[in-house]
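In: I'd like to go over a predicted model; first the sequence, then the structure.
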Amino acid sequence: MNYSNIIPITKRIPANRQGAKRHYGLHPYFTRRPFNVVRDYILNFSDRGDTVIDPFGGSGVTAIEAFLANRIGIQNDINPLANFIASSIVELTKVEVEDILDHLNLVERDCKENIIEIQNQDNSKIDIYDFNVKLPSNVELPSNSDVRSYFDLFTPKQLLSLAILKNQIDKIDNPSMRQVFLLAWSSTLARINKTFISTRGRAETRGGSSIFSIYRYKVAKDIVELNTWEWFYNRFRNILEAKKEMMHSIELNQRKGEWLGQFKVYKLDVDELRNLFYESADYIFTDPPYGGHISYLDLSTLWNSWLGLTPSEEVRKKEIIVGGDLKFTESHYIQRLKDSVKSSFDMLKDGRWLSIVFQHWNVDYFDAILTAAQESNAELLSAVSQIGDPIWSMHKKKGKESVLAGEFILTFLKKSLIKGVKEDRRMDVKGIIGKILQGYGNKVIYGEYLLNQLVIEAWKYGIIKELKLKKEDLSKILNEHGWTYDSKNHYWCKTDKPKDYLF
């Protein structure tokens, strides 16, 4: 296979977030990428048996999809929760459905009655220390939390029912089976705590944790105590569906020829991963942290503490974010981002491809990525705006035009020699925007798409450092051109009834 002759993906792939139970609905995580988009990129830029690496693996979408596509999927993340979710999903391929159901019956027999009995009691009459169960450490929570200590995230009923359930799961002898049950338990934990916010006007069980919507430990105004056993038991519907999906993919590949799929997990800083996989990767698809808002390690305390996976202070200092309890600066983030992208290119074989998913108002972040690519002899050959996903985040719904949504996928080819960017400081930002808008008449346009085009144009002109475009500046320019923001659909339009979409 001549990788250099691969035709890059240049058009948006409609996201199918709910199309795979192995990712959707199995366990919550931050900023999970649509599996079908990731899969299509893997299939396009790599071959069977190839090594596909994600240096910022998150919940494992890249590595899992690579594994199921008959590749060697390399999952890496310094967040223990991310690796726990990813590895637990793959463990599903190592256990049989009948055995899962047998163990579920045993767990039900040994603890369901106790859990129901506790949930029927009054919280004020429960002393958690009267029960012979192992509890997690009552650690201090991040400084922006509504409560200070870990136990304050639970009612006594919630804490005890979760502890009884986990203590029973810990007794399972088969490591793979225990991991699968811990996955169901961990997913249950996401709703059996005080940060669960029930959606108004819908069933009590509908909603989610504030950890994933506003990215902090916000305690619900009206605390909802869901039935712990029922929620845990229902998790197995998705687990069995995920198991079925994954085995189907593996069997299809086996029928086509030799099965080469592997899944490996690492918990290294990207620079350390570089030393291990120097010039070894056939393809890299990754989604680095976007800077502010999401302090992954701080927000994962709810799970890591109880699972015995709390990262050390040394690991916490390696996190590539802005802010958090360690108060990382923006300049620190930009330098770490640039260094990590260079390390990613160092892992890539010559003549191979690397795709980076990114989206942010701060063009300095894009400059760090693009400069790292140029210094690594990589040429940008595709820039695709993945806009128009019907699932909008709470931040997008509240912030509207000031908040970015969707993804921007930059794909590079690593080469021996590449052309440099122009050094032309005369780029007219308003003029460029005007030309883009003029070419699309009555079609709608997403602000994210427009920003992405400006970033690439500024890079081509060599003035990305001078493109200090504020959120309000873009809105003002669009308004001056006669475009208005549709807050319901989150796009800009010239007429009430747009004729087409621009992606």
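Out: Received it, and whenever you're ready, just let me know what you need.
In: what residues are up against the residue nearest to Leu162 when sequence neighbours are not counted?
Out: Using CB to CB, 6 or more residues apart in numbering and skipping residues adjacent in sequence, the residue nearest Leu162 is Ile192, 5.7 Å away. Just so you know, the C-beta spots here come from the backbone N, C-alpha and C atoms, and that holds for glycine as well. By CB atoms under 8 Å, 6 or more residues apart in numbering, the contact set of Ile192 is 154, 158, 161-162, 225-226, 228, 231.
In: Just put those in CSV and tack on distance to Gly261 and neighbour count.
Out: As requested, the contacts of Ile192 are exported to CSV (distance: CB to CB, whole Å; neighbours: other CB atoms under 10 Å):
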residue, distance to Gly261, neighbour count
Phe154, 39, 24
Gln158, 39, 23
Ser161, 38, 28
Leu162, 34, 23
Glu225, 42, 17
Leu226, 37, 18
Thr228, 36, 26
Trp231, 32, 18
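In: In which helix or strand does the nearest residue to His27 once chain neighbours are set aside reside?
Out: Nearest residue to His27, sequence neighbours excluded (CB to CB, 6+ apart): Ser187, at 4.5 Å. Here Ser187, judged by DSSP states H and E, is contained in helix 175-189.
In: Quick check: which ranges of this structure have low pLDDT?
Out: For the chain, residues meeting the criterion pLDDT under 70 lie at 387-406, 417-427, 440-442, 465-466, 468-471, 495-503.
In: Would you report the backbone torsion angles of the residue of it most remote from its centre?
Out: In the chain, the residue that sits farthest from the middle, by CA atoms, centre = their mean, is Lys125; the gap is 40.3 Å. Dihedral angles phi and psi of Lys125 (degrees, to the nearest 10) take the values phi -100, psi 0.
In: Distance check, it against Lys134.
Out: Taking CB to CB, to the nearest Å as the measure, Lys125 falls 22 Å from Lys134.
In: the helices in the stretch 101-250 of the chain, which residues?
Out: 156-169, 175-189, 210-213, 228-256 (DSSP state H, counting those that start in this stretch).
In: relative to helix 175-189, how tilted is the longest one?
Out: Calculated by axes from the mean of the first three to the mean of the last three CA atoms, to 10 degrees, helix 228-256 forms an angle of 130 degrees with helix 175-189.
In: Against which helices or strands is helix 228-256 packed?
Out: Contacts defined by 3 or more CB pairs under 8 Å, 6 or more residues apart in numbering; DSSP states H and E place helix 228-256 against helix 61-68, helix 97-119, helix 156-169, helix 175-189.
In: Which stretch among those helices is buried most, on average?
Out: helix 61-68 (a mean of 29; mean count of other CB atoms under 10 Å).
In: Between helix 228-256 and that one, find me the angle.
Out: Using the same axes, to 10 degrees: helix 61-68 against helix 228-256 is 50 degrees.
In: What pairs with the next helix or strand after helix 61-68, parallel or antiparallel?
Out: Using DSSP H and E, the helix or strand that follows helix 61-68 in sequence is strand 72-76. Counting by DSSP bridges, the strands paired with strand 72-76 are strand 51-54 (parallel), strand 262-266 (parallel).
In: quick one: which of these is nearest Val357?
Out: Nearest to Val357 among those is strand 51-54 (10.2 Å), distances taken as CB to CB.
In: Return the distance of that closest one from the chain's centre.
Out: Between the centre of strand 51-54 and the centre of its chain there are 16 Å (CA atoms, centre = their mean, to the nearest Å).
In: what's the neighbour count on Leu92?
Out: Leu92 has 23 neighbours, counted by other CB atoms under 10 Å.
In: Share the number of residues neighbouring the closest residue to it other than its chain neighbours, please.
Out: Leaving out its chain neighbours, the residue that sits closest to Leu92 by CB to CB, 6+ apart is Lys243, at 4.6 Å. The number of residues packed near Lys243 is 22, by other CB under 10 Å.
In: And Lys243, how far from Thr371?
Out: Taking CB to CB, one finds Lys243 at 44 Å from Thr371.
In: do the same with Gly208
Out: From Gly208 to Thr371 the distance is 37 Å (CB to CB).
In: what do you get for Thr301?
Out: Relative to Thr371, and taking CB to CB, Thr301 is found at 34 Å.
In: Pick out whichever of the contacts of Ile192 sits closest to Ile64.
Out: Nearest member of the contacts of Ile192 to Ile64, counting by CB to CB, is Trp231, at 24.1 Å.
In: ok, now which ones touch the nearest residue to the closest one once chain neighbours are set aside?
Out: Using CB to CB, 6+ apart and skipping residues adjacent in sequence, the residue nearest Trp231 is Thr188, 5.1 Å away. Neighbour list for Thr188: 162, 165, 228, 231-232, 235 [criterion: CB under 8 Å, 6+ apart].
In: This completes my enquiry, with thanks.
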